[in-house]
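*Asks:* This is a predicted model, with the sequence first.
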Amino acid sequence: MTKYYPIKSMIEWIFAAMLFLIVLPILLIVGILIKIEDPTGPVFFIQERVGKDNKLFNMYKLRSMRNPVIINEQELSHDDRMLKVGQVIRKLSLDELPQMINILKGDMSFIGPRPLLVEYLPCYNKKELRRHDVKPGISGWAQVNGRNHLSWEERFALDVEYVEKCSVLLDIKITLMTIQKVLMKADIVEKEVDYILAFDEYRKRQWEQEKVTNNVTPLFTQAVSFDSGSLVQNRKSEMQ
């Protein structure tokens, strides 16, 4: 981590406060459209994520999907649950705007590794956990270099690279690249089949493959401690 990082939070808080006032009318309009299309659900999707130093926090997003619904004993698919306004929200990346609240609360930054699910926490190796040495961001080095088209190893390598090289110039570069990708609607996943395999499932398969290949139980040193009871109690369905 560089000398720039300590002043980064102060700069981003001031910028987030000003920007939040600007985008507030957009949030209100989109919130009304969400309630018109699906009056029974909330405007915001709130989910517990992992932040700096492995601390948990509630991340805010505009809801783009209906809550899970069972029809004829079958749960509606990802595509069937997507709101019409939700498709627009996803394409324009408006669903991330409420995370400015997280910046104002001190949970997140504008730029940093994306905050991932709590259930992934036991699955990181020691090097991958370095992504939690800084606050998670609305956008990050991995997001502007492939986003969901990257493998988990590629994502985490870029996250750790950001932690090691964090600077004003790198943040400006990522910000400009983010704006470009939003305008070009690049690397946006819209269909369930395009989603990368969940990291906990991906890592479990790796361990199983290692076990089969080496005919031994894979060794894995859990490098993080957390309240497993709270993890089970607060486990929620993923709606990234």
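*Replies:* Nice, thanks for sending it over. Residues are numbered from 1 along each chain as shown.
*Asks:* Low-confidence regions, the protein specifically.
*Replies:* 1-2, 68-79, 186-196, 215-240 (pLDDT under 70).
*Asks:* What residues of whichever strand or helix holds L183 count as buried?
*Replies:* L183 is part of helix 168-184 when elements are defined by DSSP states H and E. Of the residues in helix 168-184, L170, D171, I174, M177, T178, K181, V182 count as buried by neighbour count, 16 or more other CB atoms under 10 Å. Yep, even glycine has a C-beta here, placed from its N, CA and C like the rest.
*Asks:* ok, the second one - contacts?
*Replies:* Yep, that's D171 we're talking about. K8, F110, I111 (CB atoms under 8 Å, 6 or more residues apart in numbering).
*Asks:* Nearest to S93 among the buried residues of helix 168-184?
*Replies:* V182 (5.1 Å; CB to CB).
*Asks:* doesn't R90 make contact with the closest one?
*Replies:* No - using CB atoms under 8 Å, V182 is not in contact with R90, being 11.3 Å away.
*Asks:* picking that back up, for ChimeraX, write the select line for the buried members of the contacts of D171.
*Replies:* Applying 16+ other CB under 10 Å to the contacts of D171 leaves a buried subset, and the ChimeraX line that selects it is:
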select :8,110,111
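*Asks:* Just the contacts of D171: which are in helices?
*Replies:* K8 (DSSP state H).
*Asks:* Closest one to R63 out of the contacts of D171, please.
*Replies:* Using CB to CB, the contacts of D171 come closest to R63 at F110, 22.0 Å.
*Asks:* distance of that closest one from D38?
*Replies:* Separation of F110 from D38 (CB to CB, to the nearest Å): 29 Å.
*Asks:* just V134 next, same as before
*Replies:* For V134, the distance to D38 - CB to CB - is 35 Å.
*Asks:* Have a look at the two and say which one is more surrounded.
*Replies:* Neighbour count, other CB atoms under 10 Å: between V134 and D38, V134 has more, with 23 against 19.
*Asks:* Quick check: the more buried one touching I111?
*Replies:* No - using CB under 8 Å, V134 makes no contact with I111, being 9.3 Å away.
*Asks:* Spell out which residues are contacts of both of these two.
*Replies:* Y162.
*Asks:* just the helices in the protein please.
*Replies:* 5-37, 78-81, 84-91, 99-105, 152-165, 168-184, 199-214, 228-233.
*Asks:* Closest one of the buried residues of helix 168-184 to L197?
*Replies:* K181 (22.9 Å).
*Asks:* Roughly how far does the residue lying closest to S139 once chain neighbours are set aside sit from W207?
*Replies:* Using CB to CB, 6 or more residues apart in numbering and skipping the chain neighbours, the partner closest in space to S139 is T178 (4.2 Å). Counting by CB to CB, the gap from T178 to W207 is 34 Å.
*Asks:* got it, and K173?
*Replies:* On the measure of CB to CB, K173 and W207 end up 36 Å apart.
*Asks:* Likewise for I29?
*Replies:* If you go by CB to CB, the gap between I29 and W207 works out to 47 Å.
*Asks:* Equivalent analysis for P42, please.
*Replies:* 37 Å.
*Asks:* L62 now?
*Replies:* In terms of CB to CB, L62 sits 36 Å off from W207.
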